[in-house]
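**Q** Give me coordinates for this.
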Amino acid sequence: MTISAFPRAARLAAYVLLLVMTVTIVSPFGWMVLTSLKSLQEFAQDPIGLPRVWAFDNFATAWEMGGFPRLYANSLGITTVAVAGIQAFSSLAGYAFAHMRFRGSNVLFLYFLAGMMIPPQVILIPAFKIMASLGLVNTYFAAIVTYWSWMPFAVFFFRAYFLGIPRELIEAASIDGASEWLIFVRVMLPLAKPAFVTVGIVYFVWIFNDFLWPLVYLNSVELRTVSLGMMNFSGYYTSETTLKTAAMTIATLPPIIVFMIFRRQIQSGLVEGALKA
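**A** Model prediction:
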């Protein structure tokens, strides 16, 4: 059913609702960018209007004073390793739950799904004690391993996607003598590229923007991520509103750029996964 099949009043109401949602979401970001392009004096005089003099040097100052090269390196390194691990482990689990029959598979899958209902704050103290006992506190690996525990959604998504792939392909490959591993690598992975892109981008945004676990694990200044760096930057420059908004703009750019580049793949992957589920 296309949108033209709905009554005109329903379509108009939908467009108005989408317009209101767009303005609500975009306007705070637009205000942040415009504020970052003003001097502090101009912001005090007119906090809402357009800049009269475009102060691009705010970004250069925030980049240097905030130590963003190191923060970006830490965040991107942690995020890349964590997302790659989630994609690898969850795709294997999703394939097993979708096309391999073994005792207790349904119970184990429900166990994975139960993890989606547990807030991260609930496991904060146990997770910290485990990492402390292993000597991993104040290391990148502590945060990465914790992010790998965020797999339930990815496992569910990959399972739904693999279920939509005809089993006849697996049976044909098995007749040709292919092992389960070869079937997964040569048959399933090429067909699941949209699922990999969707899971990768969704988790990239989640992990890159995460504040809780870096705050718990990473105490050293040289290990801080962008989210922690922004907390410290705001503390140092409390009254420098335009400088803080410039730093916030710099901090939010990577997830926005990644999402804008891959937004079509994300949409198609989510739709295909939902339909195949």
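
**Q** Where does pLDDT dip in the stretch 1-150 of the chain?
**A** Scanning the stretch 1-150 of the chain for pLDDT under 70 picks out the ranges 1-6.

**Q** ok, the residue positioned nearest the centre of the chain to T139 distance?
**A** Residue closest to the average C-alpha location in the chain (CA atoms, centre = their mean): V205, at 2.3 Å. From V205 across to T139, the span is 24 Å (CB to CB, to the nearest Å). Quick note: C-beta positions are derived from backbone N, CA and C, even for glycine.

**Q** isn't W31 right next to I48, touching?
**A** Yes: judged on CB atoms under 8 Å, W31 makes contact with I48 at a distance of 7.5 Å.

**Q** For those two, indicate the residue with more neighbours.
**A** Shown here are W31 and I48; by other CB atoms under 10 Å, W31 has more neighbours (13 against 8).

**Q** Now do the same contact list for the more buried one.
**A** Residues in contact with W31 (CB atoms under 8 Å, 6 or more residues apart in numbering) are I48.

**Q** in the helix or strand harbouring it, what counts as buried?
**A** Using DSSP states H and E, W31 falls within helix 8-36. For helix 8-36, burial by neighbour count (16 or more other CB atoms under 10 Å) applies to L34, T35, S36.

**Q** can you check stretch 131-147 too?
**A** M131, L136, V137, T139, Y140, A142, A143, I144, V145, T146, Y147.

**Q** cool, and stretch 70-78?
**A** Here stretch 70-78 shows R70, L71, Y72, N74, S75, I78 as buried, counting by 16+ other CB under 10 Å.

**Q** Hmm, V226 and the third one touching each other?
**A** Yes: applying CB under 8 Å, one finds Y72 in contact with V226, separated by 6.5 Å.

**Q** The helix holding W31: what's the following helix or strand?
**A** Following helix 8-36 toward the C-terminus (DSSP H and E): helix 40-45.

**Q** just checking, what packs against that next one?
**A** With contacts defined as 3 or more CB pairs under 8 Å, 6 or more residues apart in numbering; DSSP states H and E, helix 40-45 has these neighbours: helix 241-276.

**Q** helices and strands around the helix or strand encompassing F204, which ones?
**A** Using DSSP H and E, F204 sits in helix 193-208. Applying 3+ CB pairs under 8 Å, 6+ apart, one finds that helix 193-208 contacts helix 68-99, helix 152-163, helix 241-276.

**Q** Contacts for the shortest one next, please.
**A** In other words, helix 152-163. 86-87, 90-91, 93-95, 97-99, 109, 112-116, 188, 192, 194-195, 198-199, 202-203, 272-274, 276-277.

**Q** Against S239, how distant is P47?
**A** P47 is 14 Å from S239, by CB to CB.

**Q** Compare these two (neighbour count), which wins?
**A** Neighbour totals were compared for P47 and S239, and P47 leads with 13 against 7 (other CB under 10 Å).

**Q** need the contact list for the spatially closest residue to that one that is not a sequence neighbour.
**A** Nearest residue to P47 in three dimensions, chain neighbours excluded: T35, at 7.2 Å (CB to CB, 6 or more residues apart in numbering). By CB under 8 Å, 6+ apart, the residues touching T35 are F43, P47, T241, T242, T245.

**Q** correct me, but the last one touches M32?
**A** This means T245. Yes: T245 is within contact range of M32, at 5.0 Å (criterion: CB under 8 Å).

**Q** Quick one: the helices in the stretch 101-250 of the chain, in order.
**A** 105-114, 124-133, 140-148, 152-163, 167-175, 180-183, 189-191, 193-208, 212-217, 226-236, 241-276 (DSSP state H, counting those that start in this stretch).

**Q** What score does F259 have for pLDDT?
**A** Turning to F259, the model gives it a pLDDT of 78.

**Q** I appreciate the help and will end here.
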